[in-house]
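Predicted coordinates and the sequence they were generated for:
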Amino acid sequence: MMLDDDDVGRKARFQLLRRRSPHVLLAIAVLSLVFVGMTHDGRRQQMLNDEIRYLRKQTNTLNIQLETLGDSISATVRELNDLTAEREKARDSLDSLKDKTVKLAKIVREEIDTRAEEIKTAQEHELNELKDRIEKLPKECISNTPPPQKQQQQQAYNDPYQYDPGSTAYTGQSQTSGTSVPDACKNEDDDDMVSCRRGKVKDAFKHSWNAYKEHAWGHDELMPLSKRPKDWGKDGTGMGLSMLDAISTLWLMDLKDEFHEVRKWVATELDLDQNYPTSAFEVTIRMVGGMLSAYELSGEKHQEFITKATALADRVLWAYNTSSGIPHATINLMTHTHNNPQWTGGSSVLSEFGTVQLELRTLSYHTGNAEYDKKATWIMDIIEGKAPSDMLCPTYYNTVYNRWTSDHVTLGALGDSFYEYLLKQYLLTGRSEKRYKDMYLKSVRGIMNKLLKKSTPGGQAYVAEFKRGSIFNKMDHLACFTGGMLALGTHLIKDYGPDRADHLKAAEELAETCYKMYTQQPTGIAPEIVEFRGGTDMSSSPRSAYYLLRPEAVETFMYLWRVTKKQKYRDWAWDVFIHIDKWCKVDGGGYSGLRNVGFVPPQKDDLQQSFWFAETLKYLYIIFSDDDLLDFDKWVMNTEAHPLKIRKRDPADVWDKKDVKQREKDKALSIDERLRKYQEQFERRANRGDNRGATQPQPQPQPDQPKNAKDEGTTEWLREQERLIRESRERHAQWQREQDAKYEAEDAETQRLKRLQQQR
């Protein structure tokens, strides 16, 4: 191995040192150790310096974070101070509000006391004046015994349920929370009591009929307080609506003289050429239905009923001349023009076009004219094809676009009688058409699953509504028919299925709720609408507290009495009647609706509805009569309570054979395909002017437009209708928003007043 010069030098020096003394070597070793130690200490110092720098950096970071945290704490403290100050202000405001409320309550109390004292003083003054006037009268004028003729009048119009001011409790069956009403039939034996009640109902009918005959004969309805008629048309023109609505009740009550008096009027004086728009639906169920019922009840002897019913139906059929076959709502019986009102958005209403089938099909049977039955059947084909799977159909259907135009489902106004007629169409033809039974049962299951609710905490059963994607917890008095419909279905459908007991139970629970609609009011009479806000127990609003002599509750009591024979349904019906008799009866003749059932005494609305004759009094009379008065196995009542005879038959027997074959062939097509085919045929007829039984749809003509005027085509009309529909929907939506805001404000004000009253 080769060594360079440096290595040689070092080796030489080392050899020299080895020859030195040990002391030198020791010194060298010590110095080496010192040098090594110093080197090690330097490295440690460097490491310590690095550590110190790191710690200083971390310290600075922590200081910054502490400063930030301090700022946050300071801000939080300031916010807490602000909240504390606001809380103090709110507390001061609340104390001030309490003081103002106490002062306001004191002022209100003082005002009430002052007003009460003024009223008391005024009444005492009037009473003293009256006493003075009585004392000045001759003695024979103040005798307790009236002249003989006055005794007869008093006996004829005497109210047997005069309220006893000294009485503090109801002396009969009533559970009403309001004023008590004595029961004139209470002390009778069972059979005599039923006879007594039936007699009182008949007396109420006579009281109403005699007033109508005296003040409104030949007109549509009576205003009993004003003692003058009211007509649906202008210039005092009407068609004797109350007479035709009452005629089947006249027969059942054995008022044969009055029945034949109406029959002669129908034959000689009923004028159908009325030049004003009227409801095609109401004309069908009340007038056509009434005349058909009178014809069948009287043994099918009086052909004038069929003649007039046919003439009226032929005029109404012009409303069916739409591109879909779904009828328009209004019809002018003279000019044959027809349309839908603006408030429906240009659409037809389910409860109207779905509730004409019984009348039209019965008319086809008696006349042999299949046109009426075909119209009715085609409507049901459309409904069945367009209906949801649960058969809960929306309330509006557009006849131009052939589709539902809302999602509103209800068994109250706009939807009610459609569901009733699903069952009754099945019954009318002796249970021969199974599809109507299937549609009915499907709809009932939908009602049970989606609309039937129970309130909390009282467990009151009610039928809610579905609208704008949500459940609306309200129930119309109109919807009280549901209990009767369910009871009738469970009784007369033989192969009902396993749900029979549950559906009958639901019927009885709904009946109890409808009875409570009466008993919870001070007058003992139900309002038009009750609400179950948030699913809680029943309440009512002043804006819907009116009563129109409605029949639906006693209708349900009647059917449940027939099905179950439970005495409580007769008692409930009687309780309802005596309160109606107490508050709605007009001393001079007739019965009137009420403006607000929440006040005693209630104010009358001065209108005797025609269905008071047709429905309310008929249902009450039937419930207190033997079953053979009207056998439900032989008769089915239309939605206006006009009985129509049940016949085991095939309605297609009156159809032409080619029409039957074509219908069977069309069943293979979808409903949309069938509607397109119908519309093509409709347009060809319209362009040719070949419109049998109807006229092409057209805008409402001017008064000088000639009768049966033709439209130049349907294309322009369709475009115009689309525009009108859009505008009408916008106006209706705006109106609905305004009404909702108004009702919310009214509800808020009502709740505020209630709270003030409770505090007082």
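That came through, no problem. Just so we're clear, the structure is a prediction, and the values are computed from it rather than from any experiment.

For Asp656, grab the count of nearby residues.
11 (other Cβ atoms under 10 Å). C-beta here means a position set from N, CA and C on the backbone, and glycine is covered the same way.

likewise Asp628?
Counted by other Cβ under 10 Å, the residues lying close to Asp628 total 7.

Thr519 versus that one, what's the distance?
Using Cβ to Cβ, to the nearest Å, we find Asp628 at a distance of 32 Å from Thr519.

Could I get the full set of helices for the stretch 401-550 of the chain?
Secondary structure of the stretch 401-550 of the chain by DSSP state H, counting those that start in this stretch: the helices cover 416-428, 434-446, 481-492, 500-519.

Please apply the same query to the stretch 151-300 of the chain.
Ranges of helices in the stretch 151-300 of the chain, per DSSP H, counting those that start in this stretch, are 190-216, 241-252, 256-268, 280-282, 289-297.

and the ones you listed as a markdown table, adding mean pLDDT and mean neighbour count?
Shown next, in a markdown table, are the helices of the stretch 151-300 of the chain (pLDDT from 0 to 100; neighbours: other Cβ atoms under 10 Å):
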| stretch | mean pLDDT | mean neighbour count |
| --- | --- | --- |
| helix 190-216 | 96 | 18 |
| helix 241-252 | 98 | 27 |
| helix 256-268 | 97 | 16 |
| helix 280-282 | 97 | 22 |
| helix 289-297 | 98 | 27 |
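
Looking at these, spot the one closest to Gln751.
Closest to Gln751 of the helices of the stretch 151-300 of the chain, according to Cβ to Cβ: helix 280-282, at 37.4 Å.

Against which helices or strands is the closest one packed?
When contacts are defined as 3 or more Cβ pairs under 8 Å, 6 or more residues apart in numbering; DSSP states H and E, helix 280-282 packs onto helix 350-353.

Tell me the helices and strands packed up against the helix it packs on.
Under the contact criterion of 3+ Cβ pairs under 8 Å, 6+ apart, helix 350-353 touches helix 280-282, strand 396-398, helix 416-428.

let's see it at 10 Å
Under the contact definition 3 or more Cβ pairs under 10 Å, 6 or more residues apart in numbering; DSSP states H and E, helix 350-353 sits against helix 280-282, helix 370-386, strand 396-398, helix 416-428.

right, and Tyr621 touches Lys206 too?
No: if you go by Cβ atoms under 10 Å, Tyr621 and Lys206 don't touch, sitting 11.8 Å apart.

my guess is Glu613 meets Met243, correct?
Just so we're on the same page, residue 613 is Phe rather than Glu. Yes: using Cβ under 10 Å, Phe613 is in contact with Met243, at 8.7 Å.

which neighbours do those two share?
Overlap between the contact sets of Phe613 and Met243, as judged by Cβ atoms under 10 Å, 6 or more residues apart in numbering, is given by 209, 212, 250, 290.

ok so, going back, hey, which of the helices and strands packed on helix 350-353 is tucked in deepest?
helix 416-428 (a mean of 25; mean count of other Cβ atoms under 10 Å).

can you state the direction angle for it and helix 434-446?
Relative orientation of helix 416-428 versus helix 434-446 (axes from the mean of the first three to the mean of the last three Cα atoms, to 10 degrees): 140 degrees.

same for helix 416-428, what does it pack against?
On a contact count with 3+ Cβ pairs under 10 Å, 6+ apart, helix 416-428 meets helix 350-353, helix 357-367, helix 370-386, helix 434-446, helix 481-492, strand 635-637, strand 643-645.

try 7 Å
Where contact means 3 or more Cβ pairs under 7 Å, 6 or more residues apart in numbering; DSSP states H and E, helix 416-428 is packed against helix 350-353, helix 357-367, helix 434-446, helix 481-492, strand 635-637.

model confidence over the second one, on average?
Per-residue pLDDT over helix 357-367 has a mean of 97.

can you give me the offset of it from its chain's centre?
29 Å (Cα atoms, centre = their mean, to the nearest Å).

Next: the first one.
When C-alpha coordinates are averaged (Cα atoms, centre = their mean), helix 350-353 and its chain have centres 14 Å apart.

cool, and the last one?
Its chain's average C-alpha position is 25 Å from that of strand 635-637, according to Cα atoms, centre = their mean.

I'd like to know which elements that strand is packed against.
Strand 635-637 packs on helix 416-428, strand 643-645, going by 3+ Cβ pairs under 7 Å, 6+ apart.

Generate JSON lines for these, with distance to Asp587 and mean pLDDT as supplementary columns.
Formatted as JSON lines, the entries for these read as follows, by distance: least, Cβ to Cβ, whole Å; pLDDT from 0 to 100:
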{"stretch": "helix 416-428", "distance to Asp587": "34", "mean pLDDT": "98"}
{"stretch": "strand 643-645", "distance to Asp587": "33", "mean pLDDT": "98"}
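
Which among these is found nearest to Arg595?
So among those, helix 416-428 is nearest, using Cβ to Cβ, at 23.3 Å.

Grab the CA positions of the closest one and hand them over as PDB.
What follows is helix 416-428, C-alpha atoms only, in PDB (Å, rounded to 0.1, in the frame of the first residue of the first chain):
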ATOM      1  CA  ASP A 416    -121.700  13.900  -3.000                       C
ATOM      2  CA  SER A 417    -124.500  12.400  -5.100                       C
ATOM      3  CA  PHE A 418    -122.200  10.800  -7.700                       C
ATOM      4  CA  TYR A 419    -121.200   8.100  -5.100                       C
ATOM      5  CA  GLU A 420    -124.800   7.700  -4.100                       C
ATOM      6  CA  TYR A 421    -125.800   7.000  -7.700                       C
ATOM      7  CA  LEU A 422    -123.100   4.300  -8.200                       C
ATOM      8  CA  LEU A 423    -125.100   2.200  -5.700                       C
ATOM      9  CA  LYS A 424    -128.500   3.200  -6.900                       C
ATOM     10  CA  GLN A 425    -127.800   2.500 -10.500                       C
ATOM     11  CA  TYR A 426    -127.000  -1.000  -9.500                       C
ATOM     12  CA  LEU A 427    -130.300  -1.200  -7.600                       C
ATOM     13  CA  LEU A 428    -132.500   0.400 -10.200                       C
END
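
Sweet, I'm off.
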